[in-house]
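In: sequence first, predicted coordinates after that:
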Amino acid sequence: MLDGVPTDSAIGIQSAYPSPHRRFVPMREIFELRDGDGAGRIGELTVPRAGVTVETPALLPVINPHLRTIEPATLESEFGAEILITNGYILYGSDQFRDRALSEGLAELFDFSGAIMTDSGSFQLSEYGEISVTNAEILRFQRDIGSDIGTPIDIPTPPDTARERTKSELKTTQSRLEAAESVDTGEMLVNAPIQGSTHADLREEAAAHAYGTSLDVFPVGAVVPLMNGYRYAEMIEVVRAAKRGLGTDAPVHLFGAGHPMMFALAVAAGCDLFDSAAYALYARDGRYLTVAGTDHLEDLDYFPCSCPVCTEHTPTTLRECADDRREELLARHNLHVSYRELRTVKQAIREGNLFELVERRARGHPAMVDGYRTLLDDSAALERHDPVSKAAFFYLSADSARRPEVSRYHDRLSRLSVPGERVLLSAGGDNSRFDETWRLRPPFGPVPPALSDSYPLTAERPDRLDREAYEAAARGVSRLVEANPDVQFAVAHWRWPDAALDALPERVDVLELGEE
Ligand SMILES: [Zn+2]
């Protein structure tokens, strides 16, 4: 973890909610869902050993005991950190800290009253091929130093690993998880890492296995190379596969994910916990995090941020600071922007506009667009979790036409029966030659008068819509027409593109409205 190893677990909301603010009933008692939007959720993780609950989505700053860029007590008092993560294996092997950790406990060693998660040395194992501790020993050590959430030694299989090797490493990871169940870990919660490289079926299987154990938190592991390589589409594939194997009540940690640019996307896919070594590692070589990517301090003339660091300094004055001081200040900015982004994400979930936030963030980098489009590919899964009513739907780009609200409305159209024999679906006004007139509203399609004021049909749309909006509306028309074989339909459109007109069912009369 400290070195950017992924530890993950992600939670998904599984049933359609009757209302956006319905409370979820968890089966794993440590995790309670409070609110949701898409597959994103606000939850509460109860950490019994620390005697605290942590609100999720949460960020766990990584503490390297030997290199504390920002003291844990400062993370708590100035940044509001409720949870952090450190490496149990580094402490285990440290002449400086091992005995103190055992005698004082981590909370005192770090002067931190929140929850402390520990990693096990899996990263060191994958880097150096061996470590000098067994699975049971490192779990007991984590318990003995007062870790609140410990981790067994799993095998973090990197992306693109051949299937056979992935399967064989997964078998080892699974046996370690099963062994962890029989170790006396007391009140300490235990991570059940989900591996499987970039093989979606193996990830899903690994998740189902992990969920079937008595372990508590579910890190999706070994995704750091995907994030570092801007492979966000594959990252979302991996998360989705893991979520398919987990129940809604499983807290999911995207292990090693600490860049604020992808928080909104990963939360919308159902991740609950993130850990950041990035805030300190990036600061060490002069990198400045933003929600749109990473800048180099040397390239900046202005700070696009109003955190305390960026209001008290200019890029020039920060460059002139001594190395240690500059590193600390950059790390502080990096943390401020990360925590602020998580608050922004949580507020978006509360307001029901997480998709709008993801869509804005996706515009920061083409790879994020791919991640967002991959997320929308599984609109059935998103729809299952998405509240049926929210405050507003903003149509922001062609991608908005693929949001779960649109496909859910199309499903609804296929269950609507239309009164009358001749019905006009009109982009303009009524026409008395028809028994009934429904409005045409891209991207949704036909809207019966009774629903015209209900979400999401009240969507705010630009006047200059894209082709995808009209094509989606045509799909909506098809669903309604198929469901009402005895009704004669006419579509009165206003400058619909040919692709949308071609997608209308054959038996629909098509009229073009004039310019009156
Ligand atoms: Zn700043």
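Out: Good, I have the coordinates.

In: tell me which stretches of the stretch 1-150 of the chain form helices.
Out: Assigned helices in the stretch 1-150 of the chain, in chain order: 72-79, 88-92, 98-104, 106-110, 122-128, 135-144 (criterion: DSSP state H, counting those that start in this stretch).

In: burial of Ile155, as a residue count?
Out: By the criterion of other Cβ atoms under 10 Å, Ile155 has 21 neighbours. No exception for glycine: its C-beta is placed from N, CA and C like everyone else's.

In: and it, how far from Leu335?
Out: Distance of Ile155 to Leu335, computed by Cβ to Cβ, to the nearest Å: 31 Å.

In: which parts of the protein sit against the ion?
Out: Residues of the chain found near the ion (Cβ under 5 Å from the ion) are Cys305, Cys307, Val309, Cys310, His333.

In: is it possible to export those to a markdown table including secondary structure?
Out: Output for the residues of the chain next to the ion, formatted as a markdown table (DSSP: H, G, I helix; E, B strand; the rest coil):
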| residue | secondary structure |
| --- | --- |
| Cys305 | coil |
| Cys307 | coil |
| Val309 | helix |
| Cys310 | helix |
| His333 | helix |
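
In: all strands of the stretch 151-300 of the chain, in order?
Out: For the stretch 151-300 of the chain, the strands defined by DSSP state E, counting those that start in this stretch occupy 189-190, 218-220, 252-254, 273-276, 287-290, 293-296.

In: check the stretch 1-150 of the chain too.
Out: Applying DSSP E, counting those that start in this stretch to the stretch 1-150 of the chain gives strands spanning 31-37, 40-47, 52-56, 58-63, 83-87, 115-119, 149-150.

In: in the fourth one, what counts as buried?
Out: By neighbour count, with 16 or more other Cβ atoms under 10 Å as the criterion, the buried positions of strand 58-63 are Ala58, Leu59, Leu60, Pro61, Val62, Ile63.

In: which residue is the nearest non-sequential neighbour of Leu111?
Out: Actually, residue 111 is Asp. It isn't Leu. Ala73 (4.4 Å; Cβ to Cβ, 6 or more residues apart in numbering).

In: stretch 174-190: end-to-end distance?
Out: With Cα to Cα, to the nearest Å as the measure, the first residue of stretch 174-190 is 14 Å from its last.

In: and it, average pLDDT?
Out: Stretch 174-190 carries an average pLDDT of 96.

In: what comes into contact with that stretch?
Out: Here stretch 174-190 makes contact (Cβ atoms under 8 Å, 6 or more residues apart in numbering) with 30, 47-49, 135-136, 139-140, 142-143, 147-154, 192-193, 206, 209-210, 213-217.

In: is it possible to mark the buried ones in the residues you listed?
Out: 30, 47-49, 135-136, 139-140, 142-143, 147-154, 192-193, 206, 209-210, 215-217.

In: show me the strands in the stretch 401-516 of the chain, by range?
Out: With DSSP E, counting those that start in this stretch as the criterion, the stretch 401-516 of the chain has strands at 422-426, 436-441, 445-447, 488-493, 509-512.

In: nearest to Leu67, of those strands?
Out: Across those, Leu67 has its closest neighbour in strand 436-441 (56.6 Å, Cβ to Cβ).

In: please point out which parts of the closest one sit buried.
Out: Across strand 436-441, burial judged by 16+ other Cβ under 10 Å covers Glu436, Thr437, Trp438, Arg439, Leu440, Arg441.

In: same question for stretch 307-318.
Out: For stretch 307-318, the buried set under the neighbour-count rule, 16+ other Cβ under 10 Å, comprises Cys307, Val309, Cys310, His313, Pro315, Leu318.

In: least confident of the strands of the stretch 1-150 of the chain, on average?
Out: strand 31-37 (a mean of 94).

In: tell me how far that one is from the chain's mean position?
Out: Offset of strand 31-37 from its chain centre (Cα atoms, centre = their mean, to the nearest Å): 13 Å.

In: please apply the same query to stretch 248-267.
Out: 5 Å.

In: ditto for stretch 40-60
Out: 16 Å.

In: start to end distance for that stretch?
Out: So stretch 40-60: terminal residues 18 Å apart, Cα to Cα.

In: which parts of it are buried?
Out: Applying a neighbour-count criterion of 16+ other Cβ under 10 Å, one finds 40-50, 53-54, 56-60 buried in stretch 40-60.

In: one more: stretch 101-118?
Out: Under the neighbour-count criterion of 16+ other Cβ under 10 Å, stretch 101-118 has Ala101, Leu102, Leu106, Ala107, Leu109, Phe110, Phe112, Gly114, Ala115, Ile116, Met117, Thr118 buried.
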